[in-house]
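# Have a look; sequence and predicted model below, questions after that.
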2 protein chains.
Amino acid sequence: MERDTQQRRALWSAIEGAGRPLAPRELLELAQASCPGLGIATVYRALKAWTEDGRLAQVDLPGEPPRWEPTGKGHHHHFHCRACDRVYELEGCPDGLRSMTPEGFSLESHEVVLYGRCSECAG
Amino acid sequence: MERDTQQRRALWSAIEGAGRPLAPRELLELAQASCPGLGIATVYRALKAWTEDGRLAQVDLPGEPPRWEPTGKGHHHHFHCRACDRVYELEGCPDGLRSMTPEGFSLESHEVVLYGRCSECAG
DNA sequence: CTGATCCTGAGAATGCATTATCATCCTTGC
DNA sequence: GCAAGGATGATAATGCATTCTCAGGATCAG
């Protein structure tokens, strides 16, 4: 069974509390605040295990290495800040996707990514 | 100046005629039909040069290595076929993106990717 | 408390896409 | 034609994210 270690507690609370998808490095740095010495290998091990058991979902954005976020948030999209490179969760979904689909194609899912400045960087 | 070689003619006509963004390997294989022996290094050299001089645009899709397409097509999005892995161009643009943007965030651009089966694979 | 076993950190190793190297070849201006 | 220099192909090298290795630590059932 999976053991309850200081490292995993730090990692989980970091990714839980972030409220936005985190890249491995971001997660490492956040978790190191409460667990100094934490190594990147442990981050990857936790991300892999938690993704496999369904607690985390991998978030792929165009031209970016993957980030991870807790599952169970329902359908949503993301906003990528060009200034600080952070990714935020968005609510809502655009209309008219079905009408963009060519004749004969079957639409199964979609991704939407907005780009710009987050409130911290827009000021 | 840039020389007119058999390799570049084959590469350009392949990417021009494809009508969809091509990955380096795809482009290599298409161009090899009219230019046997063509090497992958030449493909990358052409992609880099043509992207720098504005003739090609790099297309990034989530979790995918980049593809390239000729510029000058105006704003559009893409459809990624889950079966054959090919990417198609789409016309049109969804509504309601502005209303998804959180307070204080500035929206500069967006990407939309549709997933499913292309007409060839849906049959 | 104690052992069995899982976990961890550091660094080596891997996988992959992309780029550099270099001897040779091909284009182009003359 | 011909020489000068860009272009090419094969392969080595790079960059990067991710995974593996292994010796030492930590956890937990009993």
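Thanks, I have it. Numbering: from 1, shown residues only, chains lettered A, B, ... in the order given.
# Only C-alpha atoms from now on, for both contacts and neighbour counts.
Will do.
# Can you give the contact residues for stretch A:104-116?
Applying Cα atoms under 8 Å, 6 or more residues apart in numbering or on different chains, the contact partners of stretch A:104-116 are A:61, A:77-83, A:98, A:101, B:97, B:101, B:105-119, B:122.
# So which bits of chain A are right by chain B?
A:60-66, A:79, A:90-97, A:100-119, A:122 (Cα under 8 Å from any Cα of the partner chain).
# Which ones among the contacts of stretch A:104-116 lie within strands?
Residues of the contacts of stretch A:104-116 located in strands (DSSP state E): A:77-81, B:106-117.
# tell me, which of these make contact with DNA strand D?
Taking Cα under 7 Å from any atom of the strand as the test, DNA strand D is in contact with none of the ones in strands among the contacts of stretch A:104-116.
# what does the helix or strand residue A:11 falls within rub up against?
Taking DSSP states H and E as the criterion, residue A:11 maps to helix A:6-18. Helix A:6-18 is contacted by residues A:21-22, A:27-28, A:30-32, A:34-35, A:38, A:42-43, A:46, A:69-70 when judged by Cα under 8 Å, 6+ apart.
# quick revisit: are any of the residues of chain A next to chain B buried, and if so which?
Neighbour-count burial (16 or more other Cα atoms under 10 Å in any protein chain shown) applied to those gives A:60-62, A:66, A:79, A:90, A:93-94, A:97, A:100-102, A:105-107, A:111-118.
# Check the secondary structure at the residue of chain A found nearest DNA strand C for me.
For chain A, the residue closest to DNA strand C is residue A:38, as judged by Cα to the nearest atom of the strand, at 3.0 Å. Secondary structure, DSSP: H, G, I helix; E, B strand; the rest coil: residue A:38 is coil.
# Hmm, residue A:25 and it touching each other?
No. If you go by Cα atoms under 8 Å, residue A:38 and residue A:25 don't touch, sitting 11.4 Å apart.
# out of the two, which sits in the more crowded spot?
Ranked by neighbour count (other Cα atoms under 10 Å in any protein chain shown), residue A:38 and residue A:25 place residue A:38 first, with 19 against 13.
# Do you know the pLDDT at the closest residue in space to the more buried one that isn't next to it in sequence?
Among residues not flanking residue A:38 along the chain, residue A:32 sits closest, at 5.8 Å (Cα to Cα, 6 or more residues apart in numbering or on different chains). Listed pLDDT for residue A:32 reads 97.
# so who does the residue nearest in space to the middle of chain A touch?
Central residue of chain A (Cα atoms, centre = their mean): residue A:21, 2.3 Å from the mean position. The contact partners of residue A:21, by Cα under 8 Å, 6+ apart, come to A:15, A:59, A:67-69, A:87-89.
# if we go to 10 Å?
Contacts for residue A:21 (Cα atoms under 10 Å, 6 or more residues apart in numbering or on different chains) come out as A:15, A:27, A:56-60, A:66-70, A:78, A:86-89.
# residues near the residue of chain A found nearest DNA strand D, how many?
In chain A, the residue that lies nearest DNA strand D is residue A:4 (3.9 Å; Cα to the nearest atom of the strand). Here the count is done by other Cα under 10 Å, and residue A:4 has 8 residues near it.
# rewinding a little: can I get the buried part of the contacts of helix A:6-18 as one PyMOL selection?
The buried residues among the contacts of helix A:6-18 can be selected in PyMOL (16+ other Cα under 10 Å) with this line:
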select buried, chain A and resi 21+22+27+28+30+31+32+34+35+38+43+46+69+70
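# Quick one: mark the members of the contacts of helix A:6-18 that sit in strands.
Counted as lying in strands by DSSP E, out of the contacts of helix A:6-18, are A:69-70.
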